[in-house]
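Asks: Give me a model of this one.
(one chain, ligands or ions: 1)
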Amino acid sequence: MAAKPVLYSYFRSSCSWRVRIALALKGIDYETKPVHLLQDGGEQNTDNYRELNPQCEVPTLEIDGQTMTQSMSIIEYLDETRGPPFLLPQGDPIKKQKVRAISQAIACGIQPIQNLRVLQYVGGEKKAEWGHYWIERGFKGLEQLLQGTAGRYCIGDEITMADVVLVPQVYNANRFKVDMSAFPTISRINAALLEVEAFKVASPSEQPDCPPELR
Ligand SMILES: O=C(O)/C=C\C(=O)CC(=O)CC(=O)O
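Replies: Residues are numbered from 1 along each chain as shown. Below is the predicted model:
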């Protein structure tokens with residue numbers, strides 16, 4: 001029997017959260033190994049973890065005898081090797097392009113500018129304003145893009161990779177006190193996704209490393 005996959009994860013890291021959603025949607029059972037990003041300078045920066053993930057980031061997924069990094073590549077791997085639901089539309093290159101465009105607008109264009117490393121570098125009092133500014137600015141374009149692609153979810157009525165990436169980013173927007181009433185399409189899709197079981201079980205509050213006061 002193949003070994004159970006192991007996910008190195010931090011409860012409110014958006015990139016870990018994306019992979020947790022994808023694993024849940026695919027019905028893949030796995031073990032969580034929490035990596036505390038803040039304690040003692042961050043467990044992700046230890047020599048042991050660096051051997052697994054030289055970029056010192058979460059998530060890392062051990063699956064199929066491989067050690068995988070980079071959430072978006074992991075999601076695509078799971079989509080290519082596991083059954084439905086498919087997170088990238090099959091046999092429809094135009095729809096697939098839309099999924100990738102929305103996904104990358106968030107995963108390349110918004111989240112990296114407000115991740116922990118960048119905020120630690122920005123430092124002190126500027127952190128909150130910095131995160132707020134980049135998420136709000138990114139959401140202005142995203143809202144307009146989604147008005148052209150959305151059905152119940154980001155692209156039509158099926159859950160795709162774009163939805164997997166959206167939910168953790170909206171959580172970050174709330175953390176940075178972005179006024180979500182300016183983004184009705186994003187808010188509506190997020191609310192619909194939060195009703196889906198795979199999104200519920202993957203949420204930060206359900207993770208073993210979530211502190212009791214945030215549950
Ligand atoms: O608990 C913390 O404050 C530390 C880390 C995070 O939130 C995760 C991030 O770096 C942001 C992100 O993944 O988008």
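
Asks: Tell me the residues of the protein that contact the ligand?
Replies: R12, S13, S14, C15, L37, L38, Q111, N115, L116, N172 (Cβ under 6 Å from any ligand atom). No exception for glycine: its C-beta is placed from N, CA and C like everyone else's.

Asks: The same query, at a cut-off of 5 Å, please.
Replies: When proximity is defined as Cβ under 5 Å from any ligand atom, the chain approaches the ligand at R12, S13, S14, L37, N115, L116.

Asks: What ranges does this structure have for its strands?
Replies: Remark: strands assigned in the chain by DSSP state E are 6-9, 31-34, 60-63, 66-69.

Asks: so how far is the first one from its chain's centroid?
Replies: Centre-to-centre, strand 6-9 and its host chain are 14 Å apart (Cα atoms, centre = their mean, to the nearest Å).

Asks: pLDDT on that strand, on average?
Replies: Here strand 6-9 scores 98 as its mean pLDDT.

Asks: Paired strands for that strand, with orientation please.
Replies: Here strand 6-9 has these sheet partners by DSSP bridges: strand 31-34 (parallel), strand 60-63 (antiparallel).

Asks: related to what we said a few turns ago, and the strands of the chain as a markdown table, adding mean neighbour count?
Replies: Formatted as a markdown table, the strands of the chain follow (neighbours: other Cβ atoms under 10 Å):
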| stretch | mean neighbour count |
| --- | --- |
| strand 6-9 | 22 |
| strand 31-34 | 16 |
| strand 60-63 | 22 |
| strand 66-69 | 14 |
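
Asks: distance of the nearest residue to R82 once chain neighbours are set aside from the ligand?
Replies: Spatially, and ignoring its direct neighbours in sequence, R82 is nearest to K26 (4.6 Å; Cβ to Cβ, 6 or more residues apart in numbering). As defined by Cβ to the nearest ligand atom, to the nearest Å, K26 lies at a distance of 22 Å from the ligand.

Asks: again, but for W130
Replies: 12 Å.

Asks: Around that residue, how many other residues sit close by?
Replies: W130 has 18 neighbours, counted by other Cβ atoms under 10 Å.

Asks: Give me the local confidence score for it.
Replies: For W130, the model assigns a pLDDT of 98.

Asks: mind listing what's buried in stretch 163-176?
Replies: Residues of stretch 163-176 classed as buried: D163, V164, V165, L166, V167, P168, Q169, V170, Y171, N172, A173, F176 (neighbour count, 16 or more other Cβ atoms under 10 Å).

Asks: what's the helix ranked longest in the chain in contact with?
Replies: Counting residues, the longest helix found in the chain (DSSP state H) is helix 126-149. With contact meaning Cβ atoms under 8 Å, 6 or more residues apart in numbering, helix 126-149 is reached by 98, 101-102, 105-106, 109-110, 113-114, 118-119, 122, 154-156, 169, 172-173, 175-179, 182-186, 189.

Asks: Fine by me, thanks again.
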